[in-house]
Each structure stands twice: as C-alpha cells, then as structure tokens.
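Colleague: The following block contains a protein sequence and its predicted model.
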Amino acid sequence: MKRIAFLVSGGDAPGINACLAGIATAAEQHRLQTLAVPSGFDGLIDGHFVEMSIPWLRTASYGGSPIPTARSSRFREAESRSLAVEKMRQAGIDGLVILGGDGSAHAARALAELGVRSVCVPVTIDNDIWGTDYTVGFDTAVQQIHMILLGIQETANAYRGRVFFVETLGGPTGHLALAGGLAGGADLILVPELHPTPTAVAERVKALLDNGRDHLVIAGCEGLFETYRPGDQGAAIIYGKEIERLTGVRTRITIMGYFMRGSAPTAFDSLLGQMLGARAVDLLQDGQANRLVVFRNNCVGSIDLAKVIDKKKPLNSDQMALAKARCCLVP
C-alpha cells in the first residue's frame, strides 16, 4: 500500500481535526501518501483529490473541518459508485478512510462490493453507531448540553413560575438528550425511543406544578416526532404550546441547534479522534479492510462493517436506570 485517501461524509462533528491528525500520524509512520477528498462521496465521484499540507498535530483540538463534508444523493446510483471506484483507481488510491455516521457505513459496504478497501471512523455527535461506546463528537456535545442546562437552571431559580425547554440535536435518537439531561440536572428528559406525546408531557408538567414545583427545566431531543426528517427542528415549540394550554404556565424555549456540531472538541474527543484515526490507517496497512474502528471498554478496536449495518444502538442502560430512578423520563 502506497497511497490512501480520506473523506468526511454527512454532518460535521467536533473532533474531525483530531481524526485527521491521527490519520496523518499513522500515514507518516507507514510512509503512506495521503489525499483528502473534499465534499464527501461527491468528491470521490468527481475525482477531486487534494494533497493536504496542514500541520495536523497542531490542529487536533480545533473545531470544524479543514475539508468540506457533504451528504451525497448521487452516490445512491450504481453508475456513480462505479465512477467513484474508477476515479480512485486512476489516482492510484489503495485504501480509503471514511469519517461519518450510519450513512457512511452503508456507503463503505457498497464500495466493498466493488472491491474498494475502506475503514470507517464513527464521527457523529449523535452517538448512534452500533458497536462503539462513543463516537467522535458525542462527549463535546454532551458537555455543551450540560453547560446550557446549568445556565438555564440558574435562570429558572431566579425567574420562577416558568417552564424551560432545551431542545438538543440528536435526530431520532435520544443519546444526547439522555446523557446531557442527566448531567445538567433536567427535571424531565424526553427521548424519541419512548415516544412521549405533547399531551403526556404537559400532564406530567401539570402534576409537578400542582405538587408545589414553581419552575421546571426540560431537556428533549429534536427528533421526538415519528415524522422527523434530518434538519427538522422546533419540536420544543409544539410541546411548549401544549404545556401552556394545559397548565397556563408560559414555556421558554432554547433550541441549541447547529453550533453543537462546530465547537472545539473536549480533551476526550480530541484524544479519541486521534486514536481512532490512527487505528483506521493501521488497519488498512495491515490488510484489514471494510471495518469500523470502535472504542469499547476503554480500548480501541474494530469490528466488521457487516455487523453494524442496520443495527439500532440502544440507549445506555445505566443512564436509563438512573433517569427512571429520578422519575425524569416521560414515556
């Protein structure tokens, strides 16, 4: 193996620069040439390969991504996938490192069927990739929710007689809302996996207020409705209106939104990204392709991509038990 390429697919996340630092470190160790592919799989289809000269190790703790990421509708077409493979062959690329989430794993499997050797690095704040305890970016996003909730708690204590709803990212999975809500001391936590309806939430809020509470803080995921589509936000507004209708108490909404994805990574995410990025290159060098790099039981490892595809990662059982003990989950 002489030349590898890397790309970022799907949504960005804190820690991408750290992953690239790890890739660069391992590639230099193995004396591999590395090429960046801007714009994700669209860049692969277009044969857009760029040599990167950024001093990677100095950027490991930076937010953002030095190469553009994208979601590709073109890659769903067999003709486009074949074109991408041909472009890689023409460029002399022997292996591919893919940074992304569930969609990236599907794409890697499609490339494997065409003979491409690739390794996926789980990069998403949603932490919804089966087989790994943590994805790159999750810890940073949980820390942000924690800090927002602490600030809202102070406001709630000072400005009583209100309900506060903090809406997190996370898509149709509740990993972020659950972990961040517990860390930040939310009174109620809403996760899509339990399908809490606006009426059920409003009734729980009313019961707490009738029992003497003079303010409440709620943490809920953006994807609470089954009709959720990527990019949808504002579920908190609908829940807030139902709470006001049933209780008469005004609800203040905070939608955290996309700044969660662009922040500088925590120390944990910076270290995790470097380790997973380096291991991805090591696997390619060792001839172990079509795998997902994972972090389990405090160790870096890898699993076959075939074991990951279409598997839904359950919410952390210990966190769920704690949330149930605190009576803050709304079914």
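Modeller: Noted; the coordinates are in hand.
Colleague: which ones are touching residue 227?
Modeller: By CB atoms under 8 Å, 6 or more residues apart in numbering, no residues touch residue 227. (Each C-beta comes from the backbone N, C-alpha and C, glycine too.)
Colleague: so where do the helices sit in the protein?
Modeller: Using DSSP state H, the helices found in the chain span residues 16-29, 40-46, 78-90, 102-112, 138-158, 175-183, 198-210, 235-247, 259-262, 267-285, 317-325.
Colleague: For the residue nearest to residue 49 when sequence neighbours are not counted, name its beta-bridge partners.
Modeller: Nearest residue to residue 49, sequence neighbours excluded (CB to CB, 6 or more residues apart in numbering): residue 35, at 4.3 Å. Judged by DSSP bridges, the bridge partners of residue 35 are residue 5, residue 51.
Colleague: For residue 67, grab the count of nearby residues.
Modeller: 19 (other CB atoms under 10 Å).
Colleague: Tell me who's in contact with it.
Modeller: Contacts of residue 67 (CB under 8 Å, 6+ apart): 7-8, 36-38, 50, 52.
Colleague: which of the helices of the chain sits most buried?
Modeller: helix 175-183 (a mean of 26; mean count of other CB atoms under 10 Å).
Colleague: elements contacting that one?
Modeller: helix 138-158, strand 162-168, strand 188-190, strand 215-221, helix 317-325 (3 or more CB pairs under 8 Å, 6 or more residues apart in numbering; DSSP states H and E).
Colleague: In CSV: those, plus mean pLDDT and distance to residue 231.
Modeller: Below are the helices and strands packed on helix 175-183 laid out as CSV (pLDDT from 0 to 100; distance: least, CB to CB, whole Å):
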stretch, mean pLDDT, distance to residue 231
helix 138-158, 96, 17
strand 162-168, 97, 14
strand 188-190, 98, 19
strand 215-221, 97, 14
helix 317-325, 97, 27
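Colleague: need those in TSV with distance to residue 255, can you?
Modeller: Formatted as TSV, the helices and strands packed on helix 175-183 follow (distance: least, CB to CB, whole Å):
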stretch	distance to residue 255
helix 138-158	11
strand 162-168	5
strand 188-190	14
strand 215-221	10
helix 317-325	22
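Colleague: which among the contacts of residue 67 end up buried?
Modeller: 7-8, 36-38 (16 or more other CB atoms under 10 Å).
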